[in-house]
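Enquirer: sequence-free structure coming up:
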């Protein structure tokens, strides 16, 4: 069973990817017109987060900044491969990546996905999009700073984590989730920038109990796959 290739969930994802392309096109064009490298663009974001994280992402309230279809399918496949029952996502935006991962949970018989989102308006739209996909019973969104919303725990052991929020918070959020990771848990860092938070140095040190490698998706963008080995 594969609900992301055909049927209602696949139709919702197709619509959302089209909406994301339209909503984000001006932003992508503006960045492209500046003729700067990807690393330079990401460093600007890191600097802006350090200066005013809340203000920065309030400015992106209308942007999806979501995963591409290929990466969404990859997330679905990872969730299926590790037979996930509990997934946590840092930075849910409009809910596209949540739908991919929740679809995997549904196709395997159920589970729980806990998403976090700083912007209330985005969280509201994410809930509506998840509802349109028929996955409301699987997904819980926590609204606000994930460093606060995840403090109360996640209700059990974690099989999979997606880090796709503010770059400078990856290590801090990971530290909150780390005690709940099951052996063999998978962690995906979307744009896990070397210079942003210390996260990459931590998970690439095998003494900390992980094996971690950069992913071939979007070369140079810092996507990282990590597995808990103990």
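Expert: That came through fine. The structure presented is a predicted model; accordingly, all values stated were derived computationally and were not measured.

Enquirer: return the helix or strand in the protein with minimum mean pLDDT.
Expert: None of the helices or strands of the chain scores lower by mean pLDDT, DSSP states H and E than helix 38-59, at a mean of 90.

Enquirer: and the next element down the chain from that one?
Expert: If you walk from helix 38-59 toward the C-terminus, the next helix or strand you reach (DSSP states H and E) is helix 69-81.

Enquirer: can you give me the strands in this protein?
Expert: For the chain, the strands defined by DSSP state E cover 86-90, 112-117, 139-143, 158-163, 181-189, 210-214, 224-228.

Enquirer: partner strands of the fourth one, with direction?
Expert: Read that as strand 158-163. Next to strand 158-163 in the sheet, as set by DSSP bridges, lie strand 86-90 (parallel), strand 181-189 (parallel).

Enquirer: which residues touch that strand?
Expert: Strand 158-163 is contacted by residues 75, 78-79, 82-91, 97, 101, 170, 173-174, 177, 180-182, 184-190, 192, 199 when judged by Cβ atoms under 8 Å, 6 or more residues apart in numbering. All C-beta atoms are positioned from the backbone trio N, CA, C, and that covers glycine.

Enquirer: the longest one too?
Expert: Residues external to strand 181-189 that are found in contact with it (Cβ under 8 Å, 6+ apart): 75, 78, 82, 84, 157-164, 170, 174, 199-200, 203, 210, 215, 222-230.

Enquirer: on that earlier part again, does anything pack onto the least confident helix or strand of the chain? Which helices or strands?
Expert: Helices and strands touching helix 38-59, by 3 or more Cβ pairs under 8 Å, 6 or more residues apart in numbering; DSSP states H and E: there are none.

Enquirer: gap between it and the chain center?
Expert: 17 Å (Cα atoms, centre = their mean, to the nearest Å).

Enquirer: residues near residue 187, how many?
Expert: For residue 187, the count of nearby residues is 25 (other Cβ atoms under 10 Å).

Enquirer: that one pairs with what?
Expert: Beta-bridge partners, per DSSP bridges, of residue 187: residue 161, residue 226.

Enquirer: please report how far it lies from residue 24.
Expert: Remark: distance between residue 187 and residue 24 (Cβ to Cβ, to the nearest Å) = 25 Å.

Enquirer: before we move on, what about residue 14?
Expert: Counting by Cβ to Cβ - residue 14 and residue 24 are separated by 16 Å.

Enquirer: quick check, distance from stretch 146-160 to the centre of its chain.
Expert: 14 Å.

Enquirer: between the two ends of that stretch, how far is it?
Expert: By Cα to Cα, to the nearest Å, the extent of stretch 146-160 from end to end equals 16 Å.
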